[in-house]
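A.B. asks: predicted structure and sequence below. I'll ask about it afterward.
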Amino acid sequence: MERSLIIFKPDAVLRGIIGEIITRFERAGFKIIAMKMLQPSYDDLFTHYEGIGTLKTRKGDEIFESQLASMQDGPVIAMVLEGVEAVETIRKMVGATEPKSAAPGTIRGDYAHVTYGAAASVGRGVANIIHASADLSEAKKEISHWFSDSELHTYDTVHQPFTQPRKK
Ligand code: DAT
Ligand code: MG
């Protein structure tokens, strides 16, 4: 089983669409093993977006600082989901970074439509609802950054019979 780190960004929390999006993950059979609301600090976001995600290196100071400020517009909800090849499938459900380019049916494509250009013109990170780990290595680092081991829960769901050997 893989684990992926999800963050509902302030635009999702302030719009009140968290429940609908959690439902999509539950419907796909992913198990929520951790969840908390927090007001992220600049330092925590720096580690998340540059220390782990290399956003400043990849996209430059202006986009980086705009994104960190946008992530502090309100509280966020961090969550860990577990499932078979969870990281790749959750990224597929989330869709492309720029909502304009995100396919209909994806979370970013269904809940937003804005562009990088529009975000740049107002000095904001592009409001794209949700963060999801890009690959397994990022997922592991992000989960241990946002959650302690004792916050990660172990329990059985009704999906498990379909992913485990048949009982004799
Ligand atoms: P993703 O979140 O799809 O993994 P990323 O890691 O490249 O994408 O960027 C992290 C976040 O930074 C992204 O969700 C929104 C913001 N961002 C990235 N590129 C941007 C841009 N060109 N304009 C505005 N915000 C941007
Ligand atoms: Mg990323």
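C.D. replies: Arrived safely, thanks for sending. Ligands and ions are numbered 1, 2, ... in the order given.
A.B. asks: okay, CA-based contacts and neighbour counts for the rest of this
C.D. replies: Will do.
A.B. asks: the strands in this structure, which residues?
C.D. replies: Assigned by DSSP state E, the strands in the chain fall at 2-8, 31-38, 76-83, 130-132.
A.B. asks: give me the buried positions along stretch 22-34.
C.D. replies: Within stretch 22-34, the residues that qualify as buried are G29, F30, K31, I32, A34, counting by 16 or more other Cα atoms under 10 Å.
A.B. asks: now mean pLDDT and distance to ligand 1 too, for the strands of the chain, in JSON lines please.
C.D. replies: JSON lines is the format used below for those (pLDDT from 0 to 100; distance: least, Cα to the nearest ligand atom, whole Å):
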{"stretch": "strand 2-8", "mean pLDDT": "98", "distance to ligand 1": "10"}
{"stretch": "strand 31-38", "mean pLDDT": "98", "distance to ligand 1": "18"}
{"stretch": "strand 76-83", "mean pLDDT": "98", "distance to ligand 1": "14"}
{"stretch": "strand 130-132", "mean pLDDT": "98", "distance to ligand 1": "5"}
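A.B. asks: turn those into a markdown table, columns for distance to S70.
C.D. replies: Formatted as a markdown table, those follow (distance: least, Cα to Cα, whole Å):
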| stretch | distance to S70 |
| --- | --- |
| strand 2-8 | 12 |
| strand 31-38 | 14 |
| strand 76-83 | 11 |
| strand 130-132 | 12 |
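A.B. asks: between those strands, which one is closest to D156.
C.D. replies: Closest to D156 of the strands of the chain, according to Cα to Cα: strand 31-38, at 9.0 Å.
A.B. asks: quick one: list the elements packing against that closest one.
C.D. replies: Contacts defined by 3 or more Cα pairs under 8 Å, 6 or more residues apart in numbering; DSSP states H and E place strand 31-38 against strand 76-83.
A.B. asks: partner strands of the strand it packs on and their direction?
C.D. replies: strand 2-8 (antiparallel), strand 31-38 (antiparallel) (DSSP bridges).
A.B. asks: let's see it as CSV, backbone CA atoms only.
C.D. replies: The C-alpha coordinates for strand 76-83 follow below in CSV (Å, rounded to 0.1, in the frame of the first residue of the first chain):
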residue,chain,number,x,y,z
VAL,A,76,-5.8,24.4,5.5
ILE,A,77,-6.7,20.7,6.1
ALA,A,78,-3.9,18.2,5.8
MET,A,79,-4.8,14.6,5.2
VAL,A,80,-3.0,11.3,4.5
LEU,A,81,-4.7,8.8,2.2
GLU,A,82,-3.7,5.2,1.8
GLY,A,83,-4.3,2.8,-1.1
